[in-house]
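Participant: here are the coordinates; sequence isn't available:
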DNA sequence: CTCTTTCTGTAGTGATCGACACATAAATAG
DNA sequence: CTATTTATGTGTCGATCACTACAGAAAGAG
């Protein structure tokens, strides 16, 4: 059964196509494109900007990526694959929801200010204004990417409720929105030049009321 | 001395120019341009979009505003003049810094979701990505506009320290950055469709730790 | 070798970009 | 009235936009 298939090569590495081989590293070029979209945004980045940064001609770009929109979609994927861990690794390895959220915000403070790698300031997804109008498909992609953050935060908080770490009366959705708001706001401050220390101080302030916030709503009024 | 000046008319209302009068309301046209820049951003808004929304021809636009960049600068001013009060009125009339910040965040939750007037979602200044590259002058304008928020927050907090409302050990800069982060983050959530209620819940959560945060830094470590 | 396939560089597609020339229209100044 | 001044509408400028036709180059298949 594993022998009868003779066209084989269903590997993700296409073994080598047939004609003239590509003269550039597709992933490296995609990395440059991602960096450019990250810094300038979709609308403000032209094909000429991209081909120059990627070191290829426009026909090669279109042959390899299809269109500007498709390239942006791939850049989003590349961004996630290469930068997600900077912000989520500590979150997923933390023992408590409190430590997870603290890690998430502190690591965001470091990553968004370009302190852990040679990357632009701010989050490419948070600062993307593609969803404005005209590019509905990309707008949906970016909005979906932003929604993932809330989903993960809420999932971790629900897990903490099941584990008895925080009371069942905790408003998981509101608390998730709160943390999401903090991180999104950090991106704008980072783009404006806020330092890692300033954002870490914001993260600490956000965590200061943690026990108050996870203590339920009965003390909010009065 | 007040009679010798015979060319007079130094009033800000130019009494009426001389040639053919303008056929459109400059402020109304500016309001439409502001709305368009607000929704789509600077780069994604074309002169054709603007002339259509403003109901004028491009020569009239250039005669009245000079250039696309100058129009955007005027749109920023129009935005501030017409929308600042929605978010800052309660802040400046509040008796305590706590109430001021609470009003600021709650009013932001309402304004940023378009609940107090027929206005686009999110803050035009916070969501503007003009400062990215290529338009240095406008980038400086937008960044300066964003800095005003922090200045006002810090001024009010310092005032609260002088009044004895909050302890002198309060880290005014960090607390100001924190509130600024919350409001900036709210704009992104609002643009993604978050409701007024969700943002108000975020504002309440942000205020919950107020007394902890204004209690000084001596309990942060340990 | 030749044939086919795929990529690369040159050059250029129509469309749209921001901005403006020009003639005309509508007002005031004299 | 004429002269001057300013705004408007038509039409269009060169530049740039995203995108591609085309021919040559570089690989495998036969």
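Facilitator: Nice, I can see it. A quick note: this is a predicted structure, and the numbers were derived from the prediction, not measured.
Participant: show me the contacts for residue A:170.
Facilitator: Taking C-beta atoms under 8 Å, 6 or more residues apart in numbering or on different chains as the contact definition, residue A:170 lies against A:157, A:161, A:213, A:214, A:216. Using the backbone N, CA and C atoms, a C-beta is placed for each residue, glycine as well.
Participant: pLDDT score for the fourth one?
Facilitator: Put plainly, it is residue A:214. The confidence metric pLDDT takes the value 70 at residue A:214.
Participant: of all residues in chain A, which one is nearest the centre?
Facilitator: residue A:80 (4.9 Å; C-alpha atoms, centre = their mean).
Participant: skipping adjacent residues, who's closest to it in space?
Facilitator: residue A:145 (7.1 Å; C-beta to C-beta, 6 or more residues apart in numbering or on different chains).
Participant: go on, residue A:29?
Facilitator: Here the residue nearest residue A:29, using C-beta to C-beta, 6+ apart, is residue A:54, at 4.1 Å.
Participant: so who does the one you found touch?
Facilitator: A:24, A:29, A:32, A:33, A:61.
Participant: what about residue A:127, distance to residue B:50?
Facilitator: For residue A:127, the distance to residue B:50 (C-beta to C-beta, to the nearest Å) stands at 24 Å.
Participant: show me where chain A has helices.
Facilitator: A:26-40, A:47-54, A:58-65, A:68-93, A:97-112, A:124-127, A:136-162, A:172-191, A:196-208, A:210-213 (DSSP state H).
Participant: as TSV, those with distance to DNA strand C would be great.
Facilitator: TSV is the format used below for the helices of chain A (distance: least, C-beta to the nearest atom of the strand, whole Å):
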stretch	distance to DNA strand C
helix A:26-40	9
helix A:47-54	9
helix A:58-65	3
helix A:68-93	12
helix A:97-112	30
helix A:124-127	21
helix A:136-162	17
helix A:172-191	23
helix A:196-208	34
helix A:210-213	45
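Participant: closest to residue B:106 out of the ones you listed?
Facilitator: For residue B:106, the closest of the helices of chain A is helix A:172-191, at 13.9 Å, according to C-beta to C-beta.
Participant: buried residues in stretch A:32-51, which are they?
Facilitator: A:32-45, A:49-51 (16 or more other C-beta atoms under 10 Å in any protein chain shown).
Participant: how close does residue A:182 get to residue B:185?
Facilitator: 6 Å.
Participant: so is the least confident helix or strand in chain A by mean pLDDT next to chain B?
Facilitator: Ranking every helix and strand in chain A by mean pLDDT, DSSP states H and E puts helix A:210-213 at the bottom, with a mean of 75. Yes - applying C-beta under 8 Å from any C-beta of the partner chain, one finds helix A:210-213 in contact with chain B at A:210, A:212, A:213.
Participant: which residues are in contact with the first one?
Facilitator: Same thing as residue A:210. A:98, A:101, B:209.
Participant: distance of it from residue A:176?
Facilitator: Residue A:210 is 13 Å from residue A:176, by C-beta to C-beta.
Participant: neighbours of residue A:197, how many?
Facilitator: 12 (other C-beta atoms under 10 Å in any protein chain shown).
Participant: now swap in residue A:92 and tell me
Facilitator: Neighbour tally, residue A:92, other C-beta under 10 Å: 12.
Participant: chain neighbours aside, what residue packs nearest to it?
Facilitator: residue A:100 (7.4 Å).
Participant: enumerate every residue touching the one you found.
Facilitator: Taking C-beta under 8 Å, 6+ apart as the test, what residue A:100 contacts is A:90, A:91, A:92, A:94, A:156.
Participant: now render the residues you listed as JSON lines, adding distance to DNA strand D and pLDDT.
Facilitator: Converted to JSON lines, these look like this (distance: C-beta to the nearest atom of the strand, whole Å; pLDDT from 0 to 100):
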{"residue": "A:90", "distance to DNA strand D": "37", "pLDDT": "98"}
{"residue": "A:91", "distance to DNA strand D": "35", "pLDDT": "98"}
{"residue": "A:92", "distance to DNA strand D": "37", "pLDDT": "98"}
{"residue": "A:94", "distance to DNA strand D": "41", "pLDDT": "98"}
{"residue": "A:156", "distance to DNA strand D": "39", "pLDDT": "98"}
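Participant: now, of those, which are buried?
Facilitator: Buried among those by 16+ other C-beta under 10 Å: A:90, A:91, A:94, A:156.
Participant: any idea how far the last one is from residue B:208?
Facilitator: Between residue A:156 and residue B:208 the distance, using C-beta to C-beta, works out to 20 Å.
Participant: excluding chain neighbours, what is closest to residue A:135?
Facilitator: residue A:69 (6.6 Å).
Participant: for that neighbour, grab the count of nearby residues.
Facilitator: 15.
Participant: cool, and residue A:57?
Facilitator: 11.
Participant: show me the contacts for it.
Facilitator: Counted by C-beta under 8 Å, 6+ apart, residue A:57 has contacts residue A:51.
Participant: residue A:150 is in contact with residue A:178, isn't it?
Facilitator: No - the criterion here is C-beta atoms under 8 Å, and residue A:150 misses it with residue A:178 at 10.4 Å.
Participant: quick one, which of those two is more surrounded?
Facilitator: residue A:178 (25 against 17).
Participant: list the contacts for the more buried one?
Facilitator: A:206, A:213, B:201, B:202, B:205, B:206.
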